[in-house]
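Undergrad: Okay, here's the prediction I keep looking at, along with the sequence it came from:
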Amino acid sequence: MRIVIGQGSCGIAAGAEKVRKALAECNINSDISITGCIGMCYLEPIVDIYNGDELTRLVKVSENDAQKIAEYVKTNNKEEISDLIVTDEDNEFLAKQTRIALRRCGVINPEEISAYIEADGYTALKKAVCEMTPENVIEVIKTSGLAGRGGAGFPTWFKWNAARQSDGEEKYLICNADEGDPGAFMDRAVIESDPHNLIEGMLIGAYAIGAKHAVVYVRAEYPLAIKRLKRAIEQASAEGIIGNNIFGTDFSCDFTIKAGAGAFVCGEETALIESLEGHRGMPRLKPPFPAQSGFWRKPSNINNVETFANVSWIINNGGEAFAAMGTEGSKGTKVFAVTGKVKRSGLVEIPMGKTLRDVIFDIGGGMKGDKPFKAVQMGGPSGGCIPADLIDTVIDYKALGATGAIMGSGGMVVMDESTCMVGMAKFFLDFTAKESCGKCIHCRIGTKRMLEMLDRITKGQGKDGDIELLEELCYSIKDGALCGLGQTAPNPVLTTIKYFRGEYEAHINDKKCPAGECSDLIEYNIVADKCKGCTLCARNCPVDAISGTAKNPHVIDQNKCIKCGKCYSSCRFDAIVKA
């Protein structure tokens, strides 16, 4: 038998390394290796046991389960591990996906090039450089309809062709791995779980545009991704896959990793280039575009991790195969990081054309606690909130754009009735206001003024005309901001006003938060008829705001109450209510 332990960041955070050490101490007569994230983040730590071709997947494993697993390996008796085996219901999470960018994630050992090569790794690169011209490669990418997966959805072939046709011997291919959206972790998972796939896709892109230098700009907060990517580059270099005369051809390319400081604005390609050059990350005026004047003012091409992760599959299988998936205007698959109030959170890859319902309810299993679905935030801080009555919206660039949201890089935050939409807009505005580079007035000042208004509204200090003024500010910022950060920053506010205007009006006119989430607008009270006098709420109150004797109804002193909600969550008799 062969034991494989999932060790992406999510698995390690959940205790996968402790599981690995505990299994090693059991002296199991089996090979124990690691893999990356399979995408079932809600079930980590995950241990896969291979008995020939048979796979037994164990989930939510702890170090205390090591002995049980050891017994199973010895006896092949599944009763030993029956409580750990993944359910058929949870298996549907993967079974209902179509995996291309993620096809090897959680399957191969990301730290060994041999595992990648055994899984047909680098065959597409060899095919491209040995059997195809750069123009042939670009034509295949054009046929595939692959669009940039970083958010803009710009045709990949067009950017490659523009860089290819630019004058100059020195050109750069750059990977944007500066994944900054809150709740997004698609790129991190690909680099941690299948780093050679990124390298192969980038090398094919470099060959296509005529670049001899490839650079990966990855956020410094991804230490495991950086570690595994460095190892992969070293291994590929040792095999002659990176460097001079790749596969005996005249194509040569070197690789560099740049750890970015984590500025959200560096997701914008010209700001990223500024950071690469050692300057403060701030967008440049365009034109000229990077294809003509990019890194060190040389022709450059920038795509994100997921875009490159599709390239080798397309070269091996043909552009037509990729284009056969998706919709007329949005081809292939898209990876989403599904988080929030959904039962099965993690990485989901589906063909374009599926609906939000397919992802949230069919793959994601629906809402935690079976609460009503309220909205989903698509596209992170640059995206927008899509309400429950639009849950059958098709997932493609055009359909999502029509709602006021965007595809973005793939963040999908699911919300239930307990989420305040004004608070959600405030959360994202707080993020974008802090991440503004400050270069243009509309973004630097406008986002702060909007945030101040939202803060007042959530504190019950809103006034007539605030909604209209917010909308006016939104459109002014969208029209006047220099780069995509400022131009899209108002989206969460505009969509929440559009679909949840009643919540704004309740905050302003009634001084109430319908979701009961804004602490300044909440009042906790104890219902005397339900209170058993158990004293649990009083013991949990951090400011001694609750008084009463045992077995008698208690009372909350509103002057002392800090509205932390600990009494509400600790009461076992539903005697505490939000007002």
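TA: That came in fine, so what should we check first? Numbering: from 1, shown residues only.
Undergrad: what number of residues lie near Lys463?
TA: For Lys463, the count of nearby residues is 11 (other C-beta atoms under 10 Å). In short, each C-beta sits where N, CA and C put it, glycine included.
Undergrad: which residues touch it?
TA: Contact analysis of Lys463 by C-beta atoms under 8 Å, 6 or more residues apart in numbering lists Ile508.
Undergrad: For the most centrally placed residue in the chain, give its distance to Arg219.
TA: Nearest residue to the geometric centre of the chain (C-alpha atoms, centre = their mean): Ala184, 1.9 Å. According to C-beta to C-beta, to the nearest Å, Ala184 stands 11 Å off from Arg219.
Undergrad: Phi and psi next, for the residue lying closest to Gly6 once chain neighbours are set aside.
TA: Of all residues not flanking Gly6 in the chain, Ile46 sits nearest, at 4.1 Å (C-beta to C-beta, 6 or more residues apart in numbering). Backbone torsions of Ile46, given as degrees, to the nearest 10, read phi -120, psi 130.
Undergrad: residue ranges of the helices in the stretch 101-250 of the chain, please?
TA: Ranges of helices within the stretch 101-250 of the chain are 113-118, 123-131, 134-144, 156-165, 186-193, 195-209, 223-238, based on DSSP state H, counting those that start in this stretch.
Undergrad: out of those, which comes closest to Ala13?
TA: Closest approach to Ala13 among these (C-beta to C-beta): helix 223-238, 10.3 Å.
Undergrad: where does the chain dip in pLDDT?
TA: Across the chain, nothing is flagged by pLDDT under 70.
Undergrad: For stretch 350-367, C-alpha coordinates in CSV please.
TA: The C-alpha trace of stretch 350-367 is given here as CSV (Å, rounded to 0.1, in the frame of the first residue of the first chain):
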residue,chain,number,x,y,z
ILE,A,350,-16.2,23.9,-13.7
PRO,A,351,-16.8,24.5,-17.4
MET,A,352,-18.0,28.0,-18.1
GLY,A,353,-21.8,28.0,-18.6
LYS,A,354,-22.7,26.3,-15.3
THR,A,355,-24.8,28.4,-13.0
LEU,A,356,-24.2,29.8,-9.5
ARG,A,357,-26.7,27.3,-8.3
ASP,A,358,-24.6,24.5,-9.7
VAL,A,359,-21.6,25.6,-7.7
ILE,A,360,-23.2,26.7,-4.4
PHE,A,361,-25.9,24.0,-4.0
ASP,A,362,-24.9,21.1,-6.3
ILE,A,363,-21.1,21.1,-5.7
GLY,A,364,-21.0,23.1,-2.5
GLY,A,365,-23.8,21.3,-0.8
GLY,A,366,-25.9,24.3,0.0
MET,A,367,-25.9,26.5,3.0
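Undergrad: List the buried residues for that stretch?
TA: Within stretch 350-367, the residues that count as buried by 16 or more other C-beta atoms under 10 Å are 350-361, 363-367.
Undergrad: ok, now which ones touch the closest residue to Ile441 other than its chain neighbours?
TA: Counting by C-beta to C-beta, 6+ apart, Ile441 lies nearest to Gly480, which is 7.6 Å off, once chain neighbours are set aside. Contact analysis of Gly480 by C-beta under 8 Å, 6+ apart lists Cys440, Ile441, His442, Gly446, Gly486.
Undergrad: Recalculate using a threshold of 10 Å.
TA: Counting by C-beta atoms under 10 Å, 6 or more residues apart in numbering, Gly480 touches Cys440, Ile441, His442, Cys443, Gly446, Gly486, Gln487.
Undergrad: Filter those down to the buried ones.
TA: Using 16+ other C-beta under 10 Å as the threshold, Cys440, His442, Cys443, Gly446, Gly486, Gln487 are the buried ones among those.
Undergrad: Distance of the nearest residue to the first one once chain neighbours are set aside relative to Gly384?
TA: Going back to what we said before, that points to Cys440. When the adjacent residues along the chain are set aside, Cys440 lies closest to Leu482, with 4.2 Å between them (C-beta to C-beta, 6+ apart). Leu482 is 21 Å from Gly384, where distance means C-beta to C-beta.
Undergrad: So those two - more neighbours on which side?
TA: When Leu482 and Gly384 are compared for neighbours, Gly384 comes out ahead with 28 against 21, by other C-beta under 10 Å.
Undergrad: Identify the bridge partners of the more buried one.
TA: Counting by DSSP bridges, Gly384 is bridged to Met378.
Undergrad: Show the subsequent helix or strand relative to the longest helix along the chain.
TA: Longest helix of the chain, by residue count under DSSP state H: helix 441-458. Downstream of helix 441-458, the first helix or strand assigned by DSSP states H and E is helix 466-480.
Undergrad: can you give me the angle that following helix makes with helix 441-458?
TA: In terms of direction (axes from the mean of the first three to the mean of the last three C-alpha atoms, to 10 degrees), helix 466-480 departs from helix 441-458 by 160 degrees.
Undergrad: distance between the helix or strand following helix 466-480 and the chain's centre?
TA: Counting by DSSP H and E, the element after helix 466-480 in chain order, helix or strand, is helix 484-488. Offset of helix 484-488 from its chain centre (C-alpha atoms, centre = their mean, to the nearest Å): 19 Å.
Undergrad: CA atoms of helix 484-488 as PDB?
TA: C-alpha atoms of helix 484-488 as PDB (Å, rounded to 0.1, in the frame of the first residue of the first chain):
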ATOM      1  CA  GLY A 484      -8.700  48.900 -12.400                       C
ATOM      2  CA  LEU A 485      -8.500  49.000  -8.600                       C
ATOM      3  CA  GLY A 486     -10.200  52.400  -8.500                       C
ATOM      4  CA  GLN A 487     -12.500  51.800 -11.400                       C
ATOM      5  CA  THR A 488     -14.000  48.700  -9.800                       C
END
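Undergrad: Quick check: what element follows that helix along the chain?
TA: Using DSSP H and E, the helix or strand that follows helix 484-488 in sequence is helix 491-505.
Undergrad: Of the helices of the stretch 101-250 of the chain, give the one that comes closest to Thr249.
TA: Among the helices of the stretch 101-250 of the chain, helix 123-131 sits nearest to Thr249 (C-beta to C-beta), with 4.9 Å.
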